[in-house]
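Participant: I need the structure of the sequence given here:
(one chain, ligands or ions: 1)
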Amino acid sequence: MKRIVIGADHGGYHLKEFLKERLGDEGYLLEDVGVLEFKDVDYPDIAFKAAEKVSRGEAEGGILICGTGIGMCNAASLVEGVIAALCTNEYMARMSRLHNAANVLCLGGRVVGPELAWSIVKEWLQTEPLNDEKRIRRRGKIEKYRKEKG
Ligand code: RB5
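Facilitator: Alright, predicted model coming up:
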């Protein structure tokens with residue numbers, strides 16, 4: 001993953017700014033879809049903007065942050081082709097890539113501190129999905145359900 005879209009509401013704004021600096025230092029190409037200053041905004045607006053970019057292939061991955069990460073994860077999961085994962089530790093981050101092929105990482109700005117968040121992000125970015133028959137079949141069932149009944 002090289003091109004990353006990042007977004008946050010007011011609950012995740014400060015963590016977003018911290019992670020942007022770290023990711024920039026590591027050479028990632030970042031697109032920030034807001035919020036661009038600390039102010040009250042609706043997390044679904046940010047989540048849909050970022051998730052649609054991932055869905056269209058304009059970014060390989062997305063990072064979305066709200067207070068808990070839950071709202072961002074709920075909203076991003078509705079977008080076709082997006083697998084969003086709320087992670088609170090490195091193990092979840094690794095497994096969300098290996099087993100779920102998550103392409104959007106959700107974090108809680110009021111849940112994890114900046115250094116733990118950075119550690120989660122690094123683990124997530126460095127792990128590639130397992131693409132064996134079993135994992136592809138399981139992920140395919142989710143996408144099929146969303147397309148047909150979502
Ligand atoms: C906003 O106060 C808060 O509800 C939001 O950041 C998020 O945690 C929602 O899931």
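Participant: got the residues of this structure near the ligand?
Facilitator: Asp9, Gly11, Tyr43, Cys66, Gly67, Thr68, Ile70, Gly71 (Cβ under 6 Å from any ligand atom). Where C-beta positions appear, they are placed from N, C-alpha and C, glycine not excepted.
Participant: ChimeraX command for the buried members of the residues you listed?
Facilitator: Buried residues among the residues of the chain next to the ligand (16 or more other Cβ atoms under 10 Å), as a ChimeraX selection:
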select :9,11,43,66,67,68,71
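Participant: among the residues of the chain next to the ligand, which are in strands?
Facilitator: With DSSP state E as the criterion, strands contain Cys66 from among the residues of the chain next to the ligand.
Participant: Max pairwise distance over the residues of the chain next to the ligand: which two?
Facilitator: Using Cβ to Cβ, those span at most 11.8 Å, a distance reached by Asp9 and Ile70.
Participant: And the lowest mean pLDDT element among the helices and strands of this protein?
Facilitator: Ranked by mean pLDDT, DSSP states H and E, the helix or strand of the chain with the weakest confidence is helix 133-149, at a mean of 95.
Participant: Pull the residues that contact that one.
Facilitator: Glu80, Gly81, Ile83, His99, Asn100, Ala101, Pro129 (Cβ atoms under 8 Å, 6 or more residues apart in numbering).
Participant: and the first one, helix, strand or coil?
Facilitator: Meaning Glu80. Here Glu80 is recorded as coil under DSSP: H, G, I helix; E, B strand; the rest coil.
Participant: ok, it - contacts?
Facilitator: Ser55, Glu143, Arg146, Lys147.
Participant: What is the neighbour count of the third one?
Facilitator: Translated: Arg146. 15 (other Cβ atoms under 10 Å).
Participant: go on, Arg138?
Facilitator: 12.
Participant: So it versus the ligand, what's the distance?
Facilitator: Counting by Cβ to the nearest ligand atom, to the nearest Å, the gap from Arg138 to the ligand is 26 Å.
Participant: Select from the contacts of helix 133-149 every entry located in helices.
Facilitator: Taking DSSP state H, every one of those sits outside helices.
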